[in-house]
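> model this:
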Amino acid sequence: MIPSLPSMRRKPSPRILQPRRSENEKRDLSPGMPSAAERAQLSGRATYGGYAKHKRDPYAWGLEPYRGRAPDRTFCEDTGFGIADQQRIPQLLRRGIDAGLFGDLVRQGDPTMLWTLDDDGWIYELRQTIPGRALYHGYPLLPTNALGRKVIARFENWYLSLSRAQRQPAMLAALRGAQERYR
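Next up, the predicted model:
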């Protein structure tokens, strides 16, 4: 009698990423602009913490490597956002909060998602890392993502509602760059 050989399994083919153009019901802007009080309250508490999942070289950012499987993840470095840009993160986080770029879901008093526009037009999506502590981690939104147009529309409405004295050139550059990138 011939002993049977163990069955050999082949590694599955890598997932082919398709551009996301459909709306994801679990990920959307809040239906209305958050109040000035809500924005001020979150702005005073929100902080950013890096997440290795969205870094090509986590060690360079002071993070342990991501060990999970996430074939569709995006990397900050792919947008030109490097370690030296870390100092701008609090300002970018505040920009998104001031513009009312809140997600429609709330967990333990804070929106589960936020968005912001960088000066070069990249949109960054920020997810709640620790509910109730207003700690977020972020990653670039792909230019093919349909949600980008909604984020840009809300940002533009907010920008135009500001007085001329409040409108900063970097905000206009962010808006114009995003309109070009996320057509």
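> Wasn't Y66 part of a helix?
No - counting by DSSP: H, G, I helix; E, B strand; the rest coil, Y66 falls outside a helix, being coil.
> tally of neighbours for the residue lying closest to G132 once chain neighbours are set aside?
Distances taken as CB to CB, 6 or more residues apart in numbering place Q108 nearest to G132, at 3.5 Å, with adjacent residues excluded. C-beta here means a position set from N, CA and C on the backbone, and glycine is covered the same way. For Q108, the tally of surrounding residues (other CB atoms under 10 Å) stands at 11.
> Kindly report the same for A60.
11.
> mind listing what it touches?
I83 (CB atoms under 8 Å, 6 or more residues apart in numbering).
> Please enumerate the helices of the protein.
Using DSSP state H, the helices of the chain run over 36-45, 89-98, 147-161, 169-181.
> Just name the most buried of those.
helix 89-98 (a mean of 20; mean count of other CB atoms under 10 Å).
> Surely H137 is in contact with R127?
Yes - proximity of H137 to R127 meets the contact threshold set by CB atoms under 8 Å, at 6.0 Å.
> what's the overlap in contacts for the two?
Counting by CB under 8 Å, 6+ apart, nothing touches both H137 and R127.
> what's the nearest residue to G109 if we skip its chain neighbours?
G132 (6.3 Å).
> what about the one you found, how many neighbours?
If you count neighbours by other CB under 10 Å, G132 ends up with 11.
> how far away is it from V106?
11 Å (CB to CB, to the nearest Å).
> And for N145?
Distance from N145 to V106, by CB to CB: 22 Å.
> Could you report the distance from G49 to Q91?
16 Å.
> Show the model's pLDDT score for S7.
pLDDT, S7: 61.
> where in this structure is pLDDT low?
For the chain, the stretches with pLDDT under 70 are 1-8, 11-26, 70-71.
> where do the strands sit along the chain?
47-48, 106-107, 110-111, 113-117, 123-130, 135-140 (DSSP state E).
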